[in-house]
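Asks: Predicted model follows, preceded by the sequence.
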Amino acid sequence: MNVSQAVAQRISVRAFRPTPVPGAVVREILEAAARAPSGGNLQPWRVHALTGAPLEALKARVRENPFGETPEYDVYPANLWEPLRTRRYQCGEDLYATIGIPREDKAARLAQLAKNGELFGAPVGLFFSLDRKVGPPQWSDVGMLMQTIMLLAVERGLATCAQEYWARYPQTLAEVLSLPADHMIFSGMALGYADEAAPINTLRTRRDPFEVWGEMLGFEEA
């Protein structure tokens, strides 16, 4: 598999098989992903990989507090504007359509959202944190690390789902992961083997054509 194939095949998987992922494979992916770029080679990330009893204990804590805590940050800006609002709306409609949940069924939609706290059944949870004193450039570094992990997972027949949802549980994760006081949770990620029979995993989110978001200047041909 080449990089282009991994990029094309990567999706956000929201239903996993319970098949365990060997610890050696998880560590191999994380160590390889550490070659991701970071400005000034700061490598500002910290990553915790959980499975088995520690992961189940975390999920139990989340079930006890389904509404979350004071979040580290807002995942989306308030009063989302166009075209961002339409993109988010369409993504949600397409997602719920795969599992037959209509817009008016708020309870079913909330139940689906709560599956984030179960990592959608994935056997491995990855949790990314960084020092609170750093800024947006270092957040970008962690994002590049995460994307590298996701592509390496595809190469190994694994699936992922990046989950900023976990920013809703900063106190719980700080306790479970024994984070330093000056560290904040940036995101989580579900890792495992996709349940290919699950309808929700048929979702392929839409992408705008290049002309909407890209521009090329100074090229003779493009």
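Replies: It's in. Numbering: from 1, shown residues only.
Asks: Could you tell me the end-to-end distance of stretch 68-78?
Replies: 18 Å (Cα to Cα, to the nearest Å).
Asks: In this protein, what helix or strand scores lowest on average pLDDT?
Replies: Ranked by mean pLDDT, DSSP states H and E, the weakest helix or strand in the chain is helix 106-114, scoring a mean of 92.
Asks: tell me the phi and psi of the spatially most central residue of the chain?
Replies: Most central in the chain under Cα atoms, centre = their mean is Ala162, positioned 0.7 Å from the mean C-alpha point. Taking degrees, to the nearest 10, you get phi -70, psi 140 for the backbone angles of Ala162.
Asks: all numbers from here: first residue = 45
Replies: From this message on, residue numbering opens at 45, which makes the last subject Ala206.
Asks: what residues are up against it?
Replies: By Cβ atoms under 8 Å, 6 or more residues apart in numbering, the residues touching Ala206 are 56, 190, 194, 231-233. Just so you know, the C-beta spots here come from the backbone N, C-alpha and C atoms, and that holds for glycine as well.
Asks: Just the CA coordinates for the helix or strand following the least confident helix or strand of the chain, please, in CSV.
Replies: Heading C-terminal from helix 150-158, the first helix or strand you meet, by DSSP states H and E, is strand 168-175. Extracted C-alpha coordinates of strand 168-175, given in CSV (Å, rounded to 0.1, in the frame of the first residue of the first chain):
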residue,chain,number,x,y,z
VAL,A,168,-7.8,0.6,22.0
GLY,A,169,-8.1,4.2,23.0
LEU,A,170,-5.4,6.8,22.3
PHE,A,171,-5.4,10.0,24.2
PHE,A,172,-3.3,13.1,23.2
SER,A,173,-2.3,15.8,25.5
LEU,A,174,0.1,18.7,25.5
ASP,A,175,1.3,21.5,27.7
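Asks: Any buried residues in strand 168-175, and which?
Replies: Within strand 168-175, the residues that count as buried by 16 or more other Cβ atoms under 10 Å are 168-174.
Asks: I'd like to know which of these is nearest to Ala158.
Replies: Nearest to Ala158 among the buried residues of strand 168-175: Gly169, at 15.3 Å, using Cβ to Cβ.
Asks: now the helices for this protein?
Replies: Using DSSP state H, the helices of the chain run over residues 47-53, 67-77, 96-108, 128-142, 150-158, 180-199, 214-220, 254-257.
Asks: I'd like to know how many residues surround Leu99.
Replies: A count of neighbours around Leu99, defined by other Cβ atoms under 10 Å, yields 18.
Asks: right, and it touches Gly165 too?
Replies: No - the criterion here is Cβ atoms under 8 Å, and Leu99 misses it with Gly165 at 11.2 Å.
Asks: what is the orientation angle of the longest strand that the chain contains with strand 168-175?
Replies: Determined from DSSP state E, the single longest strand within the chain is strand 227-238. Going by axes from the mean of the first three to the mean of the last three Cα atoms, to 10 degrees, strand 227-238 is angled at 160 degrees with respect to strand 168-175.
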